[in-house]
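Peer 1: here is the input, now give the coordinates:
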Amino acid sequence: MNPKLGTNSRILNSFENCQHSNIMHVETNPFYPKNFLTIGDNTAKIWCEDLQESNIFTMKPSSARLTGGCWSPARISVFYTIRVDGVLEVWDFLFEQRLPVLPVKVADFPLYTLKANEKGSLLCVGAGDGSTSILKMDPRLLTANRLERSNTMEMFDRETRRERILVNRKKALKVEESQKKIYAKARHFQKQEEEEKRKRAGCPVKKAEMEYFRILEQVKEERKQFLMENILDKDKIF
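Peer 2: Presented below is the predicted three-dimensional model:
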């Protein structure tokens, strides 16, 4: 995401295969805009704008399909997701990535919309039956210690570097595999050309064998002729 020249707007790059189905929500981190959240199918993923090939975090899939979510305006590492079974999930990936730190049953109907106020102390949740619920967040989800932001940003950068190394490794393996295929084809064509040359020139073993028998026959004929000449000379003497 880079600012467009002459404007304050931010333009998203193209990211393919972010989720396995429709993406229900996309939102940049309010504290670190280089990273953004995508929600779809039953997983939430965190991406970095500098790395288009792979996400840097994948939360453990939920037991129900996710319909939306949002970042916490109060804490850099906290975000919320909503599900079709009426459950709101609170995630803090700095603390735990395998499970949400707090699941809350809000309604008996699917939850479709979610919005936090500017301070992050209130969440407004809309359900499929037309009802709206306003939830007050626990103070512990609103207060961050002085190291949390630096630790989270360090975590973002570390995971981005790690994923970039993995992506570059995959690219190198693909290049190596393609080169192996090219070399194999070249060897195959070279072998075919050598076989064709042998067919045109004939088998060297058979050629040597034929030459051997030809010379053998020639020697036999010379000996036979030599013997016949000797016999004729003896007859003339007698």
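
Peer 1: distance of residue 213 relative to residue 207?
Peer 2: 11 Å (CB to CB, to the nearest Å). Quick note: C-beta positions are derived from backbone N, CA and C, even for glycine.

Peer 1: likewise for residue 93?
Peer 2: Look at residue 93 and residue 207: by CB to CB, they are 76 Å apart.

Peer 1: residue 168 too?
Peer 2: Taken as CB to CB, the spacing of residue 168 relative to residue 207 amounts to 54 Å.

Peer 1: now swap in residue 217 and tell me
Peer 2: For residue 217, the distance to residue 207 - CB to CB - is 16 Å.

Peer 1: swap in residue 125?
Peer 2: Distance from residue 125 to residue 207, by CB to CB: 89 Å.

Peer 1: the helices in this structure, which residues?
Peer 2: Assigned by DSSP state H, the helices in the chain fall at 148-201, 204-237.

Peer 1: can you list the ones you listed in CSV and add mean neighbour count and mean pLDDT?
Peer 2: Conversion of the helices of the chain to CSV gives the following (neighbours: other CB atoms under 10 Å; pLDDT from 0 to 100):
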stretch, mean neighbour count, mean pLDDT
helix 148-201, 12, 83
helix 204-237, 10, 76
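
Peer 1: could you dump the ones you listed to JSON lines with distance to residue 76?
Peer 2: What follows is those, written out as JSON lines (distance: least, CB to CB, whole Å):
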{"stretch": "helix 148-201", "distance to residue 76": "5"}
{"stretch": "helix 204-237", "distance to residue 76": "77"}
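
Peer 1: these: which one's closest to residue 136?
Peer 2: helix 148-201 (21.5 Å; CB to CB).

Peer 1: distance from the chain centre to the closest one, please.
Peer 2: For helix 148-201, the separation from the chain centroid amounts to 13 Å (computed by CA atoms, centre = their mean, to the nearest Å).

Peer 1: and stretch 65-78, by the same measure?
Peer 2: With CA atoms, centre = their mean, you get 26 Å for stretch 65-78.

Peer 1: now the end-to-end length of that stretch.
Peer 2: 20 Å (CA to CA, to the nearest Å).

Peer 1: state the mean pLDDT of that stretch.
Peer 2: Mean pLDDT, stretch 65-78: 92.

Peer 1: for burial, what's the neighbour tally of the residue lying closest to residue 123 once chain neighbours are set aside?
Peer 2: Nearest residue to residue 123 in three dimensions, chain neighbours excluded: residue 135, at 4.4 Å (CB to CB, 6 or more residues apart in numbering). Here the number of neighbours of residue 135 (other CB atoms under 10 Å) works out to 16.

Peer 1: outline the domain layout of this structure.
Peer 2: Here the domain parsing of the chain from automatic domain parsing is 2-166, 202-238.
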